[in-house]
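>>> Sequence unavailable; structure follows:
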């Protein structure tokens, strides 16, 4: 029986392989989760988009549940996402901050005038250094922080209504509920 | 001052993942010695670009790769060690940026697996050869041998006959 | 109308594949000669319809029929004719059609060149190939039909990916597929033999030339891909351990093990179970490669547009083909008799040792390739496994392979006195150690232990080949008898082995030298400026705009002078922007040479006529592909060994027992 079992080994190895490959079909190899999740948000202090004299930094986001959205006018899918951000802002569930990533100030301002402004305030990250600290690798990206300023979630790519309802809003509600 | 924005379109960003388009040059960075330049190249070659995946920071033309190259260059100029630089990137992007996975418990499978495999294979090989030796002469029969020689044209025995 | 014809031909080909897969197989099991006889015409018919279908797609590209979605996506009116043809296999759907056509070609080839094979066995082999064909044709028809129409019809096509508009890449996929699909012949022979329960030396002899030819195609295909990457990607790399490259390298490694193992089974009747497993594995890995490339489970530079639905289809197909064949193996293999007895130390064990090493290497490449997926699936985090890991592992394992390679050709079958072999190889060992030390020390150049190791291994291989030749000619004096030996039976595979192993020795030198002593410089140059690199002076004579058939380019001129001030080359690297897919492409300027390549690629324009340039001096880089070509030649020589043809012609007289024995049903 050992004599016969031996010849089943290749089949067994293949079966394990298939299990992984099957699982692989529903995973996205390009999606890189952020190591920031569970850690305090990175410190930053940048000029505001609307008012270069004033600054926006991590301290402004602390003490409440906050959302940081990384966007830029050159980013095609940011336009698609914008509608969803406006919806989120309308719910009033949370303060949305923006990190305007490697953009031109005038274009960005115009964008907000044209498409509406879901943000409480925007930081203007001209050279992308803050973006690197946040581990941004492709706008749009969205982070959710709890009241202590700990990063709780990162959404990569444009937010969809579906993601908003199934993940983002429930998480925000949960974080709002905890002290 | 570093010429950080070599004028290239953020093509990779726009196209999602770009295919291998190269021709990036590191001309913009100034090095004191050739060894320093080589060190810089060796380091960024082992770092993976997150946008144009499957290209290293050395080869990638993505805007983020440009920024990260500049970041790494600055850190080297500040006298940071390779470990510092790698820690810096891993803290932001995770182990994913390392083409050479770090040796830690979760990657033992990767780093030691091949050797375990070799040992197992070697043992199995030895065992099967020993077993083979114990098999009572299931040697090819004389008749079969003859037949095979005929088909296979055993070079030493049938040298002259094959014309 | 013609695309519909192509689609219809494809459907008919599928019908014939179904006939081929079932009728002759049933006929062979029930002893119905009429059904068995259907195998050959069905194979021919399937091939004909696949050819028609393929022709229709080629025609659609040539006539710019953008009503066909695939043509609209990848064709263009401005595309040069040769690339209109190669665009057929430039993306997923069309490359599948090419794959199916090549499978059809191999099927027909088997049916034509194996006329002497017992009819039942041939019927089973062709049937198994028909089953594989069903999978690929239905994959096309159900998920990726290249003949799908689009409405409204676009005025212009989306153009072929500029990276693929290149001669090397036009012929790389057909070569590679010839290799991948060619392994299906060995696979089908193995399945047929397992069904029949008759695995013997004759089986190995039938499979061997087919496997060798497939291996030659695979070798050349991989080498072409590497050569293409070298000159087209602009950074002069020739291997990146990308998942797609690994997907082609794994079947190659297993096929290499297989051709050696087949030799043992053919000559000694040993390792039957092992050989048959290798035959199953080699093709299984080809199929796995298809899955990895087309399902999007891994990121790669060259992967096709990913689609999980297609991935699922291939996965199910993999389960049927590989799972089914391994099940058959588990059922039948225990009954296969083990072959000739041999000692602990002899040529058999050396070859088996090499086989095991090749499989271990394949296994860790598979591990490294799938590790990102495994880690993600297990929730252990996202990791990347890239060239540093693969190179480190490969450099640790492969030298042992070469050490065994040096001993194999000299050892005797069955029983070898280790002392005697050691005495024979003593000179070779001394020579290789001396050579290695010499090159490791900074005598000729900077010196490096890697060069030392590479030189030692190459010398080891070379000296063993020389010793083997000396042994062979010990009793053959005079030119006449030497010449006669070249024509003798079995000499093709012998000299093939010599040439292929010589190729490996050259290959080792090539990769080590170019990795160790490549010199590279990134530099900003103004017109007229010169720079020194590796004993050569490079003068940049500026860049000018040129217009290609479907691209604009900036073409630089670089003159290269040697240390005597003599001009050795004028290089014209280009930076192209293709009109449709406005992607910048680099076209390197290369001055090839046996001992070194000079390689220049154009970076970006920096104003005032200044350009950034990448200059490379790559010693011995050609030896990499020269080595591959020699390996391929060696394989070819072995495949056309006279004894395969002789045996086929003389068999009825020489070995009357064979057909009956092979055709024996089951193991009753």
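Good, I have the coordinates. Please read these numbers as outputs of a predicted model, since none were measured by experiment.

>>> all contacts plus neighbour counts: C-alpha atoms, from now on.
Noted.

>>> what's across from the residue nearest the centre of chain A in the sheet?
The residue lying closest to the centre of chain A (CA atoms, centre = their mean) is residue A:142, at 2.2 Å. Under DSSP bridges, the beta-bridge partners of residue A:142 are residue A:69, residue A:155.

>>> Domain-wise, how is chain B divided?
The record's domain split for chain B, according to automatic domain parsing, is B:11-97, B:105-158.

>>> which of the ones you listed has the lowest average pLDDT?
Among the domains of chain B, domain B:105-158 carries the lowest mean pLDDT, a mean of 71.

>>> How many neighbouring residues does residue C:78 have?
16 (other CA atoms under 10 Å in any protein chain shown).

>>> What sits closest to residue C:413 if chain neighbours are left out?
Leaving aside its sequence neighbours, residue C:413 sits nearest to residue C:347 (CA to CA, 6 or more residues apart in numbering or on different chains; 4.9 Å).

>>> tell me the contacts of that neighbour?
C:408-416 (CA atoms under 8 Å, 6 or more residues apart in numbering or on different chains).

>>> Could you identify which of those residues has the most neighbours?
Comparing those by number of neighbours (other CA under 10 Å), residue C:411 comes first, having 24 neighbours.

>>> residue in chain C nearest to chain A?
Residue nearest to chain A within chain C: residue C:330 (4.6 Å; CA to the nearest CA).

>>> How far away from the center of its chain is stretch C:616-623?
22 Å (CA atoms, centre = their mean, to the nearest Å).

>>> and the end-to-end length of it?
End-to-end distance for stretch C:616-623, by CA to CA, to the nearest Å: 17 Å.

>>> do stretch A:88-98 as well
Stretch A:88-98 has its terminal residues 13 Å apart, counting by CA to CA.

>>> Return the distance of it from the chain's centre.
Worked out by CA atoms, centre = their mean, stretch A:88-98 lies 14 Å from the chain centre.

>>> Now tell me what touches it from outside.
Under CA under 8 Å, 6+ apart, the answer for stretch A:88-98 is A:65-71, A:118-123, A:164, A:169, A:172-173.

>>> Now do the buried residues in it.
A:88-89, A:94-98 (16 or more other CA atoms under 10 Å in any protein chain shown).

>>> Tell me which residue in chain A sits closest to chain C.
Closest point on chain A to chain C, by CA to the nearest CA, is residue A:7, at 4.6 Å.

>>> Residue C:130: which element?
Per DSSP states H and E, residue C:130 falls inside helix C:119-143.

>>> got it, and residue C:64?
Going by DSSP H and E, residue C:64 is not in any helix or strand.

>>> Now do the contacts for the residue nearest to it when sequence neighbours are not counted.
Once flanking residues are discounted, residue C:64 sits nearest to residue C:77: 6.1 Å by CA to CA, 6+ apart. Neighbouring residues of residue C:77 by CA under 8 Å, 6+ apart: C:64, C:156-157.

>>> Tell me how many other residues crowd residue A:10.
Neighbour tally, residue A:10, other CA under 10 Å: 16.

>>> And for residue B:115?
For residue B:115, using other CA under 10 Å, the count is 17.

>>> does it belong to a helix or a strand, and which?
Using DSSP H and E, residue B:115 falls in helix B:108-134.

>>> what's the following helix or strand after the lowest-mean-pLDDT helix or strand in chain A?
Among the helical and strand segments of chain A, the one scoring lowest on mean pLDDT, DSSP states H and E is helix A:2-5, with a mean of 74. Using DSSP H and E, the helix or strand that follows helix A:2-5 towards the C-terminus is helix A:9-25.

>>> can you list the residues that contact that next one?
Residues contacting helix A:9-25 (CA under 8 Å, 6+ apart): C:295-297, C:308, C:311-312, C:315, C:319, C:323, C:326-327, C:330, C:373-374, C:377.

>>> Out of those, which sit inside helices?
C:295, C:308, C:311-312, C:315, C:326-327, C:330, C:373-374, C:377 (DSSP state H).

>>> Farthest pair within those residues?
For the ones in helices among the contacts of helix A:9-25, the farthest-apart pair by CA to CA is C:308 and C:330; their separation is 30.8 Å.

>>> neighbour count winner among these two?
Neighbours around residue C:308 and residue C:330, counted as other CA under 10 Å, are more numerous at residue C:330. The numbers are 20 against 17.

>>> From residue C:581, how far off is the more buried one?
For residue C:330, the distance to residue C:581 - CA to CA - is 51 Å.

>>> correct me, but the residue nearest to the centre of chain A touches residue A:78?
No: the pair residue A:142 / residue A:78 is not scored as a contact, 10.9 Å apart, by CA atoms under 8 Å.

>>> re the thing from before, please dump the buried residues of stretch A:88-98 into a markdown table; it should also carry pLDDT, secondary structure and distance to residue C:615 for every row.
Output for those, formatted as a markdown table (pLDDT from 0 to 100; DSSP: H, G, I helix; E, B strand; the rest coil; distance: CA to CA, whole Å):
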| residue | pLDDT | secondary structure | distance to residue C:615 |
| --- | --- | --- | --- |
| A:88 | 90 | helix | 53 |
| A:89 | 89 | helix | 54 |
| A:94 | 89 | coil | 54 |
| A:95 | 90 | strand | 53 |
| A:96 | 91 | strand | 49 |
| A:97 | 92 | strand | 47 |
| A:98 | 91 | strand | 43 |
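
>>> Okay, and the beta partners of residue C:585?
residue C:576.

>>> So it sits against residue C:164, correct?
No: counting by CA under 8 Å, residue C:585 sits too far from residue C:164 to count as a contact (10.7 Å).

>>> higher neighbour count, these two?
residue C:585 (23 against 18).

>>> returning to that earlier point: list the contacts for the residue nearest to the centre of chain A?
A:67-70, A:154-157, A:159.

>>> can I get those residues in a markdown table with pLDDT and neighbour count?
A markdown table is the format used below for the contacts of residue A:142 (pLDDT from 0 to 100; neighbours: other CA atoms under 10 Å in any protein chain shown):
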| residue | pLDDT | neighbour count |
| --- | --- | --- |
| A:67 | 92 | 24 |
| A:68 | 93 | 21 |
| A:69 | 93 | 25 |
| A:70 | 92 | 25 |
| A:154 | 91 | 20 |
| A:155 | 91 | 18 |
| A:156 | 87 | 19 |
| A:157 | 86 | 16 |
| A:159 | 88 | 22 |
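
>>> from the residues you listed, which two are the most distant?
Using CA to CA, the contacts of residue A:142 span at most 14.7 Å, a distance reached by A:67 and A:157.

>>> Contact partners for residue 73?
By default, I'm working from chain A. Contact analysis of residue A:73 by CA under 8 Å, 6+ apart lists A:79, A:103, A:107-108, A:111.

>>> meant chain B, my bad for not saying
Residue B:73 sits next to B:29, B:40 when contact means CA under 8 Å, 6+ apart.

>>> Next one: it relative to chain A, how far apart?
According to CA to the nearest CA, to the nearest Å, residue B:73 stands 14 Å off from chain A.

>>> Flag every buried residue along the helix or strand hosting that residue.
Here residue B:73, judged by DSSP H and E, is contained in helix B:63-77. The neighbour-count check on helix B:63-77 (16+ other CA under 10 Å) flags B:63-73, B:75-76 as buried.

>>> Quickly name whichever of those is closest to residue C:386.
Relative to residue C:386, the closest of these is residue B:65; by CA to CA it sits at 17.3 Å.

>>> and the nearest residue to that closest one once chain neighbours are set aside, how many residues sit next to it?
Spatial nearest neighbour of residue B:65, chain neighbours left out: residue B:57 (5.5 Å); criterion: CA to CA, 6+ apart. The tally of other residues near residue B:57 (other CA under 10 Å) stands at 28.

>>> my read: residue B:57 touches residue B:42, true?
No: contact criterion CA under 8 Å: residue B:57 and residue B:42 do not qualify, at 10.3 Å.
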